[in-house]
Each structure stands twice: as C-alpha cells, then as structure tokens.
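K.L.:
Okay, here's the prediction I keep looking at, along with the sequence it came from:
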Amino acid sequence: MLKIYPGPLPVSELLSEWYGAHYDENYGAMVNFVGTIRDEGGIDALSFDIYLPVLQKWFDGWKAKLESKGALLMMAHSEGDVPVHTSSFACAIFSPKRRVALEMLDAFVEDFKANAPIWKYDVREGKRIYAADRSTPMDGSGLLAGDG
Amino acid sequence: MLKIYPGPLPVSELLSEWYGAHYDENYGAMVNFVGTIRDEGGIDALSFDIYLPVLQKWFDGWKAKLESKGALLMMAHSEGDVPVHTSSFACAIFSPKRRVALEMLDAFVEDFKANAPIWKYDVREGKRIYAADRSTPMDGSGLLAGDG
Amino acid sequence: MVKVEFLGPIGKEPMEIEAKTLADVAARLKEDPEVAKWLEQSAVAVNDTMVKSLDIPLKEGDRVSLLPPVCGG
Amino acid sequence: MVKVEFLGPIGKEPMEIEAKTLADVAARLKEDPEVAKWLEQSAVAVNDTMVKSLDIPLKEGDRVSLLPPVCGG
C-alpha cells in the first residue's frame, strides 16, 4: 500500500495502523524507516513533487519482490511543503524472517533514494529551490543525451 | 533506554512514545525492529527469562557505540509469557544519517539474538520447555569446559 | 504526434512533436537549449514505463516523460 | 567462598564454593554431572561482567554466573 499525504505524515498513526493491520498474520518481524526533515542550511521546510504513475509502478515492483519472499511492504510519502522536524517518508516491511526484513529494508530505502520519482526543494522565505546538489540521476539517465 | 515489560509489549504506544520524544531533535532517520511471536509448532506462547544486570551492561555498550556515531538507541523486551501474535521485542534507532541507522539496526538486532542474556521457552498446555534448538551459545561460551 | 512532458524542477510546459522513435525525440530536444542541459541527467519514461533504449518505437498519442535527478525521503 | 549462579534453563540453586580463580570453579563444576553438561555451551560472568579468561582471580564474596545458550526476541 502506497499513500501520498499533502504535507507532513501522521507518523504515530501510520505505524500504529500498519502494526494493527498485520500483527496477527504470523509475520515474526516488522521493520520501519521514518525520514524526518532536519533543520539545516537555514531552511524552513522541504517541499516535494511526486510523479505518481511512475512511483506507483516502482512501488508495485518492490511489493511483488517482497511478496515473492513472503513479506509485505507499505509506504507513505508527503507531497508539497514539509516543515523542519516533521516527517515526509515512512515505510514498513513485515516478514516471517528477520534477515529478509533487515536486508530488504536497507535495499528498499536505498533504491527509494536513487529511483523513486520524487523531487526535493528547499523552502526559504517562501521560495522553493530545487535541491540539485542532493539529487541523484535515476537509473538509465542520459538516454536522450547520447548520439542515438 | 531499556524497558522490561511483564508479558506482551504495547507496540503502538512504544513506537509513538519513542517518535514523540525525539522527532524534534534533528535526527533525519528513525528505524525500528519489532519481533512478534509466530504461531508455529503448536505453541500457545513463548516465555522469556532475562538476566537484567548483564542485559543492561550489554545494552549500555550498544548505546555508547551508537552515541559515538551521533545516534540514539532504545529497546523494550518482555519477561514471562507472551502469547502468539503478540510482540516481545521492539527497538528504535535515531540517527542524523540513514546509513548509520540502517547498518546499526542490522548489527544491533543480530548481536541481540546472539548475546543478549535472554532465554526462550515454548509454552504448551501450561508447560514451559526450553527452546534449546533455537538458542545460541553466547560469545566466549565453553570457558569452564576447557582444561584450564 | 507524441507528447513530451518535463517533470519536477525542469518546469517547462509539455510539447507536442513528430517522432517515430526516442532517437527522434532526442534530436528534437537537443535543439532547445532550455531542455538540452537536462538531458544528460534525466531518465525517460514512455507512457509511464521507464525505458533504457532509444530504439523504442513511438505511436500517435504516446507520452514521453523526462525525469530529472530525484531525492525523495 | 564465591557464589556460583546458574541462569535461565539450567534451573539449579546457587552454590557456595572455595575458589581462587575461575579455573578452580571449572574444576569443581566438572564434578557435578547435572552442571557439567552445560559447561561447553555456557558463557561466564563475574560480578555481572562477561569474562573470557580462566585466570581471573576471585575474592571472597564474588559472584560467578553461568549463562547458557540464549534466544531473545
């Protein structure tokens, strides 16, 4: 399940909802990752654009990969402005086996950073500035720059 | 912070409490691991013995290791009987950096399994049977068996 | 005609262009200095599926999306 | 005299024994068949600190704990 929220995530409610929905389905391990906006560089907030059609396909690919290992995946992300000290990203993996849960959390979060179609902007004095220095070209970038 | 509970953990409350206590301290990442009792082998519950003085020292060592990386560690574990589909272990790591959070969660949970002084018993028809087949000798085991 | 969309920070309105393959799209976009600077760092989707080859044939009404460097989380 | 404690599933009451080092404790425990079978798989703490050497000197009132195989979580 992939959920997009306008603004900050209700983290406690999400974690409680996810745990409550699956605690009795015989998964031995739940792992979570929650990303929170750090107060740095004088920003007021970060802001996010999402391209949902590609994000949903990317997420569904990971969900299927985890299902093939007997595991569940769920994730939430913010769109628009997210003030410092509030959270923009949360996910949960439920697995019968702890190794699968721990390894897939790491792999999922790293691929999320590299390939989820989400764009980040610093918000300073009401202005939105693309965080180019912290952004990563997705796999396959440069295709249209070649000599084709 | 290390908390021991008689019986199952209040997982949602713990996660909410941990997040609520530290979300505004400029940690960019929170990760959690929650262990839940699986319904397998016909057990009614698992039951745990804890030797707290050594557990506390083990935990304090990990806490100091994480503090040296700028990260926070907290954990809760059950003592006594924990019925199937309830949870006996939960932890959280807060870190400025996601790599530290993900790598330390893995390392902490694996060392927990190998070296936390906690003993597990199957509970069947009111009887408590040591889970010898799933237990691991701690680092340094066999010291008193040598020819000294 | 195919529709070319520019996602996230590229901040440019969609264009309609004549193109039989992605190579045609590439040739056309390189002529536009505002877009050309993004090509090296952008990934490409056709009808919301990520693609890795310029030989992809395009048909009337297809949508080509440019995805510049990302940073979720 | 030192006190020897048996944790978790060993399920034996503590013993008081004469011992100047852990080697003395080892020798004494090997004589007790009920305990001897756990020695190979048990770790050892002295006054709640895990130890790795038999040469540890013991003094009056010290506590030696045997920790059999663990499984938390």
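P.N.:
Received, thanks. Residues are numbered from 1 along each chain as shown, chains lettered A, B, ... in the order given.
K.L.:
Give me the secondary structure label for whichever residue of chain C sits closest to chain B.
P.N.:
Per C-beta to the nearest C-beta, the residue of chain C with the smallest distance to chain B is C:G73, at 7.7 Å. Backbone N, C-alpha and C define where each C-beta goes, glycine included. Here C:G73 is recorded as coil under DSSP: H, G, I helix; E, B strand; the rest coil.
K.L.:
That one: neighbour count?
P.N.:
By other C-beta atoms under 10 Å in any protein chain shown, the residues close to C:G73 number 27.
K.L.:
Can you read off the pLDDT for it?
P.N.:
Per-residue confidence (pLDDT) for C:G73: 91.
K.L.:
With A:G146 instead?
P.N.:
Looking at A:G146, its pLDDT reads 79.
K.L.:
thought it was touching C:A26?
P.N.:
Yes - between A:G146 and C:A26 there is a contact at 7.2 Å, judged by C-beta atoms under 8 Å.
K.L.:
So which of those two has more stuff around it?
P.N.:
Remark: of A:G146 and C:A26, C:A26 carries more neighbours, 21 against 11, as counted by other C-beta under 10 Å.
K.L.:
helix or strand for the more buried one, which one?
P.N.:
Using DSSP states H and E, C:A26 maps to helix C:22-30.
K.L.:
now that helix, how far from the centre of its chain.
P.N.:
Distance of helix C:22-30 from the chain centroid (C-alpha atoms, centre = their mean, to the nearest Å) equals 8 Å.
K.L.:
Where do the strands of chain A begin and end?
P.N.:
Counting by DSSP state E, one finds strands in chain A at the ranges A:2-6, A:29-36, A:45-50, A:72-83, A:87-95, A:118-124, A:127-130.
K.L.:
Take those and write them to JSON lines, including mean pLDDT.
P.N.:
Below are those laid out as JSON lines (pLDDT from 0 to 100):
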{"stretch": "strand A:2-6", "mean pLDDT": "98"}
{"stretch": "strand A:29-36", "mean pLDDT": "98"}
{"stretch": "strand A:45-50", "mean pLDDT": "98"}
{"stretch": "strand A:72-83", "mean pLDDT": "98"}
{"stretch": "strand A:87-95", "mean pLDDT": "98"}
{"stretch": "strand A:118-124", "mean pLDDT": "98"}
{"stretch": "strand A:127-130", "mean pLDDT": "97"}
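K.L.:
possible to save those strands as CSV with distance to C:L58?
P.N.:
CSV is the format used below for the strands of chain A (distance: least, C-beta to C-beta, whole Å):
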stretch, distance to C:L58
strand A:2-6, 29
strand A:29-36, 37
strand A:45-50, 25
strand A:72-83, 30
strand A:87-95, 34
strand A:118-124, 25
strand A:127-130, 29
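K.L.:
Nearest to chain B, out of these?
P.N.:
strand A:29-36 (4.3 Å).
K.L.:
Parallel or antiparallel, which strands does that closest one pair with?
P.N.:
In the sheet, strand A:29-36 lines up against strand A:87-95 (antiparallel), strand B:29-36 (antiparallel) (DSSP bridges).
K.L.:
Quick one: the ones you listed as a markdown table, columns for distance to B:F94 too.
P.N.:
Converted to a markdown table, those look like this (distance: least, C-beta to C-beta, whole Å):
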| stretch | distance to B:F94 |
| --- | --- |
| strand A:87-95 | 12 |
| strand B:29-36 | 5 |
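K.L.:
Just the C-alphas of the longest helix seen in chain A, formatted as PDB.
P.N.:
Criterion DSSP state H: the longest helix present in chain A is helix A:98-115. Taking Å, rounded to 0.1, in the frame of the first residue of the first chain, the C-alpha atoms of helix A:98-115 are listed here in PDB:
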ATOM      1  CA  ARG A  98      14.200 -11.200  10.300                       C
ATOM      2  CA  ARG A  99      17.100 -11.500   7.800                       C
ATOM      3  CA  VAL A 100      14.600 -10.700   4.900                       C
ATOM      4  CA  ALA A 101      13.100  -7.800   6.900                       C
ATOM      5  CA  LEU A 102      16.500  -6.200   7.700                       C
ATOM      6  CA  GLU A 103      18.100  -6.800   4.200                       C
ATOM      7  CA  MET A 104      15.000  -5.600   2.300                       C
ATOM      8  CA  LEU A 105      14.600  -2.500   4.400                       C
ATOM      9  CA  ASP A 106      18.100  -1.500   3.500                       C
ATOM     10  CA  ALA A 107      17.800  -2.300  -0.200                       C
ATOM     11  CA  PHE A 108      14.300  -0.700  -0.400                       C
ATOM     12  CA  VAL A 109      15.300   2.600   1.200                       C
ATOM     13  CA  GLU A 110      18.500   2.900  -0.900                       C
ATOM     14  CA  ASP A 111      16.600   2.200  -4.100                       C
ATOM     15  CA  PHE A 112      13.900   4.700  -3.000                       C
ATOM     16  CA  LYS A 113      16.600   7.400  -2.700                       C
ATOM     17  CA  ALA A 114      18.000   6.500  -6.100                       C
ATOM     18  CA  ASN A 115      14.900   5.700  -8.200                       C
END
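K.L.:
what's near enough to touch C:Q41?
P.N.:
Neighbouring residues of C:Q41 by C-beta atoms under 8 Å, 6 or more residues apart in numbering or on different chains: A:P137, A:S141, A:G142, C:P68, C:P69.
K.L.:
Checking it next. Helix, strand or coil?
P.N.:
Of the three states, C:Q41 takes coil according to three-state DSSP.
K.L.:
ok, back up a step: out of the strands of chain A, flag the one nearest B:L73.
P.N.:
strand A:29-36 (15.1 Å; C-beta to C-beta).
K.L.:
Tell me the spacing between the residue nearest the centre of chain A and B:I118.
P.N.:
By C-alpha atoms, centre = their mean, chain A has its centre lying nearest to A:F89, at 4.7 Å. With distances taken as C-beta to C-beta, to the nearest Å, A:F89 is found 32 Å from B:I118.
K.L.:
cool, A:K113 as well?
P.N.:
Separation of A:K113 from B:I118 (C-beta to C-beta): 35 Å.
K.L.:
what about the two, which has more around it?
P.N.:
More neighbours surround B:I118 than the other of A:K113 and B:I118, with 27 against 19 (other C-beta under 10 Å).
K.L.:
Chain neighbours aside, what residue packs nearest to residue 35?
P.N.:
Because you didn't say which chain, this covers chain A. Setting aside the residues directly before and after it, A:G35 is nearest to A:F89 in space (C-beta to C-beta, 6 or more residues apart in numbering or on different chains), at 3.7 Å.
K.L.:
ah, no, chain C please
P.N.:
Going by C-beta to C-beta, 6+ apart, C:V35 has C:L29 as its nearest residue, at 4.9 Å.
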